[in-house]
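**Q** no sequence for this one, just the structure:
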Ligand code: 3H9
């Protein structure tokens, strides 16, 4: 039973019960209709109290139903019947009330919430608009501007904020009890939202919301459609508004963007230890972090945020002092942004020890090495860790590219070693690549997954190769960008094309932020193993020779006069003309779609190889890596989901055309050929699962 009822005095308590978060599926909607039908036969009823079992009121419509045709009864009809019911309904919001859950509450005459719960209409984050009256009822209740803020961004409010803006009528530790004792006069006087006057038009609020959507949700349809619907409340009748809302919801629900966003929503939640991983992770209390640079400090702060004790190790006192400054910077920024208060800052600092003596970490169950990217440095750190830490401590490296098998081979028990690859800033970015080396034990992997859970990160299992999943795709992306640049475009044209595709910034601007020297050092490391027959694009090396390392030197692919906004640099554009001339290449003028196609297909082809080699376990994991670590537009569902939208046979066809230009660089991945032969999508492709 997904809806249960209990008569208590003159109240009927209706409980939504569909663990874990009371998603509203067909059975629950039918359950509510049955309750509504049965109300006529109840005598002496003064109120119906709607609440949720467990930790949620209701998390909204069951999004798993969105791929199929809608089935009766529909939520808007349930909501309308609750609103029209002779006996007043009271929402006792015991936990999150999101989407359809919030819409059920808006159908009630009175709303009481427990402290700390969040209430909102996050539908646009799933690529749809509220579809059960939210866009029409909320503006009538709280006004156009506030409703827009919630609906167009999808951002929920807390109970306290909800009370302040009039979205709820009261806060109580036990909302059901308060609803029971509420004076019946109060309830009878409470108006139905559909009877409230239409909100006053507010052109400025609408224009502001559109401008914000264009900036923060560029490329996405749902926020703009939601704004149109809210705008309608001051011009159209409730009935017309509701039917337009329903139409829009149904139209978006099966669209590409909604499918992509649902895919990422469920993929994120499915990112859990694989079934074959049976080992249990021992409880973690203290973690050692080696290296207090930007990455190490960020990792340390992420661990402190999650309540762990941290020993941050450095080579000498001077480095310890620098590490302390780096951590303090993050603490201060968090204080400034209101993410923590003074007591929270002090608590975090009290759990942090900094030292240049590895013995200080003798009680740590896990070490995460984030030292300089050099095999020699890493190996000596691991030797020191092995000597100082307990014999069963797990030893992780945060290396981006280095061979973890080689790092592990210096440790007497290499089964303790794995990669835990964080993304900068480590306390913010949600992705964690868990890299499994040849000897890595299942216990070590279980510790990686447990840590991801503690840190609320999205774990993705990767195998050892140069760059693992994410950086390997990134490297191919940059190579494709440099090739397009050398053969005809400018960095700014390339960046514009990728921003138009949906990235927050293009590859060149992004590289200016991180610094060109890192990739340069990496290319030098790869010199020994690079296929001499593969075309090599020398432009990035020339940039480094010229001292153009990015923002930190005031110039990279762009110039940053005064350290501020970026300016196109004709000298950089000329570099490509020069190099192309030396190489005897006649440059071509690529259009924006051509640039985008080359860069995206290059990534897809590389990712397909990664699948083939078993470096990634499945296409979904690559989607998570690209979205949560590399800024691939979430509303395109991640790289492989997008590839499936394009169609694998079509991709192969285009790659074959590019392969005529350069058969080595554009060699079509075996995974793609296998998919075509078997008539399956990348999502259906199963490589080896271990
Ligand atoms: C909507 O309401 C449309 C209406 O306006 C119109 C209709 C006509 N559906 O996140 P968690 C599952 S659109 C199906 O790990 P938490 C989730 O997959 C909806 N399943 O927990 C997971 O499953 P599993 C608008 C859902 O405590 C489990 O519940 N609503 C849904 O970290 C636990 O989830 C939203 O956009 C759903 N709607 O966070 C809210 N929600 O155990 C979406 C959750 O198999 N949900 N599941 O892995 C959330 O934001 C978070 O889940 C929530 C709980 C904050 C509620």
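**A** It's in. Here the structure is a predicted model, which means the values were calculated and not measured. Numbering: from 1, shown residues only.

**Q** Secondary structure element holding the closest residue to the ligand within the stretch 251-400 of the chain?
**A** At 3.9 Å from the ligand, residue 269 is the closest residue in the stretch 251-400 of the chain, using CB to the nearest ligand atom. Every C-beta, even on glycine, is put in place using the N, C-alpha and C of the backbone. Applying DSSP states H and E as the criterion places residue 269 in helix 256-270.

**Q** Heading C-terminal from that helix, find the next helix or strand.
**A** Downstream of helix 256-270 (by DSSP H and E), the next one is strand 286-290.

**Q** Work out the sheet partners of that next one and label each with its direction, please.
**A** Paired with strand 286-290 in the same sheet, following DSSP bridges, are strand 309-313 (parallel), strand 366-369 (parallel).

**Q** Tabulate those strands (CSV), appending mean neighbour count and distance to the ligand.
**A** Below are the strands paired with strand 286-290 laid out as CSV (neighbours: other CB atoms under 10 Å; distance: least, CB to the nearest ligand atom, whole Å):
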stretch, mean neighbour count, distance to the ligand
strand 309-313, 26, 25
strand 366-369, 27, 24
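
**Q** out of those, which comes closest to residue 451?
**A** Closest to residue 451 of the strands paired with strand 286-290, according to CB to CB: strand 366-369, at 7.0 Å.

**Q** quick revisit: can you lay out the strands paired with strand 286-290 as TSV showing distance to residue 92 and mean pLDDT?
**A** What follows is the strands paired with strand 286-290, written out as TSV (distance: least, CB to CB, whole Å; pLDDT from 0 to 100):
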stretch	distance to residue 92	mean pLDDT
strand 309-313	40	98
strand 366-369	43	98
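
**Q** Could you check how far the residue of the stretch 251-400 of the chain closest to the ligand is from residue 278?
**A** 21 Å (CB to CB, to the nearest Å).

**Q** and the stretch 251-400 of the chain, which residues reach the ligand?
**A** Where the stretch 251-400 of the chain comes near the ligand, counting by CB under 6 Å from any ligand atom, the residues are 266, 269.

**Q** Tell me who's in contact with residue 49.
**A** Residue 49 makes contacts with 11-14, 89-90, 92, 176, 179-180, as judged by CB atoms under 8 Å, 6 or more residues apart in numbering.

**Q** Mind pulling up the pLDDT for it?
**A** pLDDT, residue 49: 98.

**Q** so it is in which element?
**A** Residue 49 belongs to strand 47-52, assigned by DSSP H and E.

**Q** Contacts for the next helix or strand along the chain from that strand, please.
**A** Moving toward the C-terminus from strand 47-52, the next helix or strand (DSSP H and E) is strand 56-58. Applying CB under 8 Å, 6+ apart, the contact partners of strand 56-58 are 16, 20-24, 51-52, 91, 93-98, 100-101, 104-105, 117.

**Q** picking that back up, can I get the strands paired with strand 286-290 in CSV with distance to residue 560?
**A** Below are these laid out as CSV (distance: least, CB to CB, whole Å):
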stretch, distance to residue 560
strand 309-313, 32
strand 366-369, 33
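
**Q** nearest to residue 561, of the ones you listed?
**A** Closest among the strands paired with strand 286-290, using CB to CB: strand 309-313, at 36.9 Å.

**Q** List the contacts of the closest one.
**A** 285-292, 296-297, 300, 303-304, 320, 323, 327, 351-358, 360-361, 364.

**Q** Out of the residues you listed, list just those in strands.
**A** Of the positions in these, 286-290, 352-355 sit in strands, assigned by DSSP state E.

**Q** returning to that earlier point: near the ligand, which of the contacts of strand 56-58 show up?
**A** Answer for those near the ligand (CB under 6 Å from any ligand atom): 20-21, 23, 96, 98, 100.

**Q** Most neighbours of all the residues you listed, which one?
**A** Most neighbours among these, by other CB atoms under 10 Å: residue 100, with 29 neighbours.

**Q** Settle this for me: that one is touching residue 65, isn't it.
**A** No: counting by CB atoms under 8 Å, residue 100 does not reach residue 65; the two are 11.0 Å apart.

**Q** quick one: the strands in the stretch 351-500 of the chain?
**A** 352-355, 366-369, 394-397, 417-421, 431-436, 458-463 (DSSP state E, counting those that start in this stretch).

**Q** need the ones you listed in CSV with distance to residue 140, can you?
**A** Listed next are the strands of the stretch 351-500 of the chain as CSV, based on distance: least, CB to CB, whole Å:
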stretch, distance to residue 140
strand 352-355, 50
strand 366-369, 52
strand 394-397, 54
strand 417-421, 49
strand 431-436, 41
strand 458-463, 38
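
**Q** Please name whichever of those is nearest to residue 658.
**A** Closest among the strands of the stretch 351-500 of the chain, using CB to CB: strand 458-463, at 26.9 Å.

**Q** Now do that closest one: which elements does it pack against?
**A** Counting contacts by 3 or more CB pairs under 8 Å, 6 or more residues apart in numbering; DSSP states H and E, strand 458-463 packs against strand 431-436, helix 442-454, helix 619-630.
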